[in-house]
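> Any chance you can model this:
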Amino acid sequence: MPKQGKKYQDARAKVPRGVKFDPRGAVELVKELSYARFDESVELAARLSVDPRQADQIVRGTVVLPHGTGKVTRVLVIAEGEKAQDAEAAGADYVGAEYAQKIQEGWLDFDVVVTTPDQMGKVGPLGRILGPRGLMPTPKAGTVTMDVAKAVSDIKAGKIEFRVDRTGNVHAPIGKVSFDAEMLEENLQAFMDAIVRARPAAAKGGYVLSVTLSSTMGPGIPLDEHTYRRRVA
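Numbers count the residues shown, from 1 in each chain. The predicted structure follows:
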């Protein structure tokens, strides 16, 4: 929750009460109300009608945002031989099996880890370090793969992973306030399409209960969740 100083309060006062916006209206208002002196991230939060305590109601997946997140993502690839060469050619920031030991020693200067299945013997023990930070590679996220070049290229192009938290919410950055409204709207739609596709069969009711968009420091802008309810009907 941003600190509710005068600038935040002024921005919050400009959000009409009881109004839910369409995607374009929401992104335009987020941009208008941004007041920080840095290029704030634009963040989306969706509340879903799932119980994450039930294994059959977990919502998770990946999506490549059409315009990326605006963030430079540092990719580590733990691989050897030809696969290491593929990763380097694809633009990975760090490549090599030796990085598993560096992580054990406390090195964490990366944002995503990709590895090949044959390296999981080295990577598996890192779960106690990487897991709590959301950095553990998994086959479902496409970060344990033989096609490391594609994994690196997708991540560099704007691929993000999402997972419902224990309160039934999904959060993700979908760009920067410096993006134009059309770019943000397309990223928003791509992310919500991925959420809809990831709907568990056991999910009940309207599935998407609420959607809110905000900048890093700004107030939340509510979207019309019925748009996404219809899409999963």
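> the helices in this protein, which residues?
Using DSSP state H, the helices assigned to the chain run over residues 6-13, 23-33, 81-90, 99-104, 120-123, 127-130, 148-157, 181-197, 226-231.
> what about Thr138, neighbour count?
12 (other C-beta atoms under 10 Å). (Each C-beta comes from the backbone N, C-alpha and C, glycine too.)
> quick check: domain ranges of the chain?
Domain assignment of the chain by automatic domain parsing yields the ranges 10-68+159-231, 75-156.
> Put together CSV for these, with mean pLDDT and distance to Gln4 on each row.
Shown next, in CSV, are those (pLDDT from 0 to 100; distance: least, C-beta to C-beta, whole Å):
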stretch, mean pLDDT, distance to Gln4
domain 10-68+159-231, 92, 8
domain 75-156, 95, 28
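> I'd like to know how far the spatially most central residue of the chain sits from Arg60.
For the chain, Ala172 is the residue whose C-alpha lies nearest the centre (C-alpha atoms, centre = their mean; 3.8 Å). Separation of Ala172 from Arg60 (C-beta to C-beta, to the nearest Å) stands at 12 Å.
> distance between the ends of stretch 174-190?
Taking C-alpha to C-alpha, to the nearest Å, stretch 174-190 runs 9 Å from one end to the other.
> Quick check: buried residues in it?
174-177, 179, 181, 183-190 (16 or more other C-beta atoms under 10 Å).
> Name the member of the residues you listed with the shortest distance to Pro66.
Glu186 (4.9 Å; C-beta to C-beta).
> Can you tell me how far the residue lying farthest from the centre of the chain is from Ile155?
The centre of the chain is farthest from one residue, Gly81, which by C-alpha atoms, centre = their mean lies 30.6 Å away. Here Gly81 is placed at a distance of 21 Å from Ile155 (C-beta to C-beta).
> list the contacts for the residue nearest to Val208 when sequence neighbours are not counted?
Of all residues not flanking Val208 in the chain, Tyr228 sits nearest, at 4.1 Å (C-beta to C-beta, 6 or more residues apart in numbering). Shown in contact with Tyr228 (C-beta atoms under 8 Å, 6 or more residues apart in numbering): 192, 195-196, 207-208, 211.
> Just the pLDDT at Gln4, thanks.
pLDDT, Gln4: 71.
> What is the neighbour count of the nearest residue to Gly205 once chain neighbours are set aside?
Closest residue in space to Gly205, ignoring its immediate chain neighbours: Ser49 at 4.4 Å, by C-beta to C-beta, 6+ apart. Neighbours of Ser49 under the rule other C-beta under 10 Å: 15.
> how close does Ser49 get to Ala190?
22 Å.
> of all the helices of the chain, which lies closest to Gly68?
Here helix 148-157 is closest among those (C-beta to C-beta), at 6.4 Å.
> for that closest one, packing partners?
Applying 3 or more C-beta pairs under 8 Å, 6 or more residues apart in numbering; DSSP states H and E, one finds that helix 148-157 contacts strand 75-78, helix 81-90, strand 112-115.
> Could I get the buried residue list for stretch 7-22?
For stretch 7-22, the neighbour count (16+ other C-beta under 10 Å) marks 8, 11, 15, 20-21 as buried.
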